[in-house]
Structure formats: structure tokens, C-alpha cells
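Colleague: Take a look and give me a structure for this.
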Amino acid sequence: MSSQEVVTLKRECVATEIPSGKQIILYPGTDLRLTQALGGTFTVTTMMGQMASILGKDADAIGKEIPEEVKKTEEAIKEDKPVEDLIWTQLRTCYDPEIPHNIVDLGLIYECKISDFPLSSEPGDTQVNIRMTLTAPGCGMGEWLKQDIRNKLMVVPKVKEVSVELVFDPPWNPSKMHPALRRSLNM
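Modeller: Residues are numbered from 1 along each chain as shown. As a prediction, the model looks like this:
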């Protein structure tokens with residue numbers, strides 16, 4: 001995909017504004033520039049310069065196929081994989097729009113607590129509490145990443161609530177990256 005690829009939105013589509021993390025609606029006929037397709041989402045820019053993320057399940061709205069990551073998640077759900085496995089699989093589909101590596105391999109997830117959802121009488125209903133950081137305290141993508149995590153974890157069966165807390169202690173540094181990623185980046 002070229003970073004200059006322009007597509008016209010075929011139908012109304014909910015998207016997440018970058019970097020605010022707010023839900024927005026993109027309307028049919030809107031011309032969009034595709035800038036990134038990673039982790040089962042599409043990063044687009046309107047001709048007015050507004051950046052947004054479109055979930056892979058809405059790929060048809062921009063004339064694309066549903067990404068493999070989305071299909072793999074759907075398959076894993078059908079196979080009835082453990083909730084914890086599905087959660088970590090989904091977290092690995094979350095990418096900072098400015099960095100082409102997932103937040104797990106970057107070492108941005110400090111804690112992922114999975115516990116019973118207290119407001120449910122259904123056995124197995126869970127809530128997920130994430131503590132994460134950013135590569136730099138001044139990074140403007142925090143709210144967007146929090147929303148992307150929520151969007152992706154809420155498709156996991158039995159997940160009823162997701163909270164994401166940004167923390168900066170301890171500060172992130174390259175030693176927190178997965179060793180294979182550090183090696184591939186010569187760090």
C-alpha cells in the first residue's frame with residue numbers, strides 16, 4: 001500500500017480520531033489517504049488533515065479486505081481459546097500510528113490484570129485493567145492508544161469492561177522492548 005493511496009469512503013463509518021481517541025463518524029463520499037495498515041486497523045487522513053483509525057471489520061467501507069489479524073482473532077474466538085490468550089493476542093494488534101511495532105513488543109504494557117467483572121452474574125465475565133506507558137511522556141498518542149486497546153479488547157468474549165491507565169514510572173527505555181525487536185533494530 002502506498003502512503004499516497006487515496007480511497008473514497010463507500011459507507012458511513014465510525015472511526016477513532018488520532019490523537020484524541022474520540023469516536024467520530026466519517027461519511028460516504030469522503031476522500032481519505034491511507035497512511036498505515038497495521039494490527040488490523042487502517043490509519044487514514046482526510047483531505048482536511050484529520051487523522052483517524054478505522055477498525056479492520058470496517059475494511060469494506062474503504063474498499064479493502066478484512067485484515068488477516070481480524071480474521072485470526074475471529075478464528076481464535078471460534079476455537080474458544082482462553083480469555084487471557086485472546087487478550088494478549090489483541091494487545092499485539094495495537095500499534096502506535098507513528099511506530100510500526102506493536103505495544104507489547106515495544107514493552108509499553110507494564111501490567112495486564114484480568115479479574116471477575118463484579119457487576120455480572122454470568123460466570124467468566126471479566127474486566128481488564130491495563131497499566132501502560134508511552135515511549136516518551138510528551139507522546140501525543142496516549143488517548144488514541146487507550147481507545148484502540150479498549151476497542152480491540154471489547155471484542156473478546158466475556159470481556160465486559162476495560163480500563164487503561166497511562167503511567168510514566170518507571171520511564172520507558174529500549175531495554176523494555178522484546179529482545180528480538182531490539183536485535184532487529186540494532187539496539
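
Colleague: For the lowest-mean-pLDDT helix or strand in the chain, name the packing helices and strands.
Modeller: Least confident helix or strand, the chain: helix 68-78 with a mean of 84, by mean pLDDT, DSSP states H and E. The contact analysis (3 or more Cβ pairs under 8 Å, 6 or more residues apart in numbering; DSSP states H and E) places helix 68-78 against helix 83-91. (Each C-beta comes from the backbone N, C-alpha and C, glycine too.)

Colleague: Identify the residues contacting the helix it packs on?
Modeller: 72-73, 76-77, 81, 102-104, 109, 112, 114, 124, 126, 128, 130, 149, 152-153, 155-159 (Cβ atoms under 8 Å, 6 or more residues apart in numbering).

Colleague: residues contacting the nearest residue to residue 59 once chain neighbours are set aside?
Modeller: Leaving out its chain neighbours, the residue that sits closest to residue 59 by Cβ to Cβ, 6 or more residues apart in numbering is residue 66, at 4.8 Å. Going by Cβ under 8 Å, 6+ apart, residue 66 touches 56-57, 59-60.

Colleague: please redo it, this time with the cut-off set to 10 Å
Modeller: 40, 55-60, 74 (Cβ atoms under 10 Å, 6 or more residues apart in numbering).

Colleague: circling back to that earlier point, give me the distance from the least confident helix or strand of the chain to the chain's centre.
Modeller: The chain centroid and the centroid of helix 68-78 are separated by 15 Å, computed with Cα atoms, centre = their mean, to the nearest Å.

Colleague: Can you point out the buried residues in that helix?
Modeller: Residues 69-70, 73, 76 are the ones in helix 68-78 that count as buried (16 or more other Cβ atoms under 10 Å).

Colleague: which secondary structure element contains the residue nearest to residue 59?
Modeller: Assessed by DSSP states H and E, residue 66 sits outside every helix and strand.

Colleague: Would you check how far apart it and residue 110 are?
Modeller: 31 Å (Cβ to Cβ, to the nearest Å).

Colleague: next one: residue 95
Modeller: In terms of Cβ to Cβ, residue 95 sits 18 Å off from residue 110.

Colleague: next one: residue 10
Modeller: In terms of Cβ to Cβ, residue 10 sits 40 Å off from residue 110.

Colleague: Same list (the contacts of residue 66) but as a markdown table, adding secondary structure and distance to residue 4.
Modeller: Below are the contacts of residue 66 laid out as a markdown table (DSSP: H, G, I helix; E, B strand; the rest coil; distance: Cβ to Cβ, whole Å):
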| residue | secondary structure | distance to residue 4 |
| --- | --- | --- |
| 40 | coil | 22 |
| 55 | strand | 23 |
| 56 | helix | 21 |
| 57 | helix | 25 |
| 58 | helix | 22 |
| 59 | helix | 19 |
| 60 | helix | 22 |
| 74 | helix | 31 |
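
Colleague: could you dump those to TSV with distance to residue 90?
Modeller: Putting the contacts of residue 66 into TSV (distance: Cβ to Cβ, whole Å) gives the following:
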residue	distance to residue 90
40	9
55	12
56	12
57	13
58	17
59	17
60	21
74	12
